[in-house]
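Undergrad: Just the structure for this:
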Amino acid sequence: MTHLLHLDASARPGLAGKDEHGSHSRNLSQRFISQWLARRPQDGVTYRDIGQNPPSFVSHDWIASAFTPEERQQPWMKDALAESDRLVDELLAADVLVIGTPLYNFGMPAALKAWIDQVVRLNRTVGLDESNPLDPYVPMLADRERHAVILTARGGVGFGPGGAMAHMNHLEPNLATALGFIGITRIHQIAIEGQEVGGELLASSVAEALRQVDALVTELQSTIAAPRPASASARPKRASEPVWRPDDASEAAFGRRDWAEPPAHRGDTEPTSLSPACPWALQCRLCRPAPEPPCSPSPIWTPRRRKR
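TA: Model (predicted):
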């Protein structure tokens with residue numbers, strides 16, 4: 001049985017198209033879950049409405065407790081981490097993480113950032129390899145295949161990959177970085193744009209996003225049901241591989257090319273791709289154990305000094 005963890009981060013409690021001032025991101029996430037359960041009713045879902053019931057912010061007591069070895073923790077420290085432990089346990093149990101979130105002022109809502117801060121935990125979701133001080137972080141959720149589905153709604157247009165405003169979108173890139181850091185590297189993104197514009201532009205974007213959600217449900221369910229390929233048993237990746245890197249849209253937006261160009265990736269490039277050889281273009285090292293990997297041996301861009 002597959003288990004899903006469903007998060008909604010919008011401050012709006014209702015659904016767009018049904019409730020006044022309803023949320024488009026909630027509409028997408030509910031569509032995903034309802035379509036999933038319609039085809040696989042035996043699967044389980046844990047739901048957290050962090051938009052209406054936000055997690056606690058990290059505090060001094062939380063930091064002191066999280067960075068104290070368990071054998072030395074005092075009783076009050078365990079209490080300080082109780083909420084974080086519950087959220088981490090929910091994440092560990094999930095095969096598919098579904099996040100419905102709006103883009104607020106170019107980033108994620110505070111409630112979603114609070115959730116990220118609660119679940120990125122030393123010795124719970126990320127380990128520390130003291131023998132390698134230059135690259136000590138080891139993602140602990142890379143032990144098995146997990147997927148993250150990020151369903152977003154944006155007021156403006158052009159914030160997607162290749163768009164004129166892509167360089168100002170710090171929502172999906174931030175989530176991909178944080179989730180990849182703990183070992184969730186199969187990322188799928190679908191977005192609605194044009195909420196502030198409205199009219200036909202918004203209606204067309206909503207219809208296309210709903211179509212993509214239905215297609216992604218079908219794709220993911222067929223992948224999860226299929227036998228796992230031998231190449232998927234690769235070693236767990238270190239937290240630094242891969243890293244988030246600028247795309248061509250970012251280069252165009254910033255007008256700079258002062259980094260070394262990586263060799264072209266010959267595998268799948270769409271975030272929703274589920275190729276067994278290389279599940280996501282930014283996760284090239286997953287397929288390195290294959291006899292003939294479809295990507296370059298090094299996905300990390302190295303800075304190039306400017307000539308003075």
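
Undergrad: how about low-confidence regions in the stretch 151-300 of the chain?
TA: Residue ranges of the stretch 151-300 of the chain with pLDDT under 70: 227-300.

Undergrad: hey, where'd the strands end up in it?
TA: 186-192 (DSSP state E, counting those that start in this stretch).

Undergrad: Only the C-alpha atoms, please, for stretch 203-213, written as CSV.
TA: Once non-C-alpha atoms are left out, stretch 203-213 reads as follows in CSV (Å, rounded to 0.1, in the frame of the first residue of the first chain):
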residue,chain,number,x,y,z
ALA,A,203,-9.2,29.9,-16.9
SER,A,204,-6.8,28.4,-19.5
SER,A,205,-4.0,28.0,-16.9
VAL,A,206,-6.4,26.3,-14.5
ALA,A,207,-7.7,23.9,-17.1
GLU,A,208,-4.1,23.0,-18.2
ALA,A,209,-3.0,22.5,-14.6
LEU,A,210,-5.9,20.2,-13.9
ARG,A,211,-5.1,18.2,-17.0
GLN,A,212,-1.5,17.9,-15.9
VAL,A,213,-2.5,16.8,-12.4
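
Undergrad: so how far is the stretch of helix or strand Glu90 belongs to from its chain's centroid?
TA: Assigned by DSSP states H and E, Glu90 belongs to helix 82-93. Put simply, helix 82-93 sits 17 Å off its chain's centre (C-alpha atoms, centre = their mean, to the nearest Å).

Undergrad: And the following helix or strand past it, what does it pack against?
TA: Using DSSP H and E, the helix or strand that follows helix 82-93 towards the C-terminus is strand 96-102. Using 3 or more C-beta pairs under 8 Å, 6 or more residues apart in numbering; DSSP states H and E as the contact test, the elements touching strand 96-102 are strand 3-8, helix 24-39, strand 147-153. Where C-beta positions appear, they are placed from N, C-alpha and C, glycine not excepted.

Undergrad: Name the residues of the helix or strand just after the longest one that come out as buried.
TA: This points to helix 24-39. The helix or strand immediately downstream of helix 24-39 is strand 44-49, counting by DSSP H and E. For strand 44-49, burial by neighbour count (16 or more other C-beta atoms under 10 Å) applies to Arg48, Asp49.

Undergrad: Equivalent analysis for stretch 160-177, please.
TA: 160-161, 163, 165-167, 169, 171-176.

Undergrad: Give me the contact list for the helix holding Glu90.
TA: 3, 5, 46, 48, 55-56, 62, 66, 97, 115, 118-119, 121, 124-125, 141 (C-beta atoms under 8 Å, 6 or more residues apart in numbering).

Undergrad: let's see 7 Å
TA: His3, Leu5, Thr46, Pro55, Ser56, Leu97, Trp115, Gln118, Val119, Arg121, Arg124, Thr125 (C-beta atoms under 7 Å, 6 or more residues apart in numbering).

Undergrad: Reformat the helices and strands packed on strand 96-102 into a markdown table and put distance to Ala82 next to each item.
TA: What follows is the helices and strands packed on strand 96-102, written out as a markdown table (distance: least, C-beta to C-beta, whole Å):
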| stretch | distance to Ala82 |
| --- | --- |
| strand 3-8 | 18 |
| helix 24-39 | 27 |
| strand 147-153 | 25 |
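
Undergrad: and among these, the most buried is which?
TA: Counting by mean count of other C-beta atoms under 10 Å, strand 147-153 has the highest mean neighbour count of the helices and strands packed on strand 96-102, with a mean of 25.

Undergrad: Can you name every helix or strand that that strand contacts?
TA: helix 24-39, strand 96-102, helix 172-182, strand 186-192 (3 or more C-beta pairs under 7 Å, 6 or more residues apart in numbering; DSSP states H and E).
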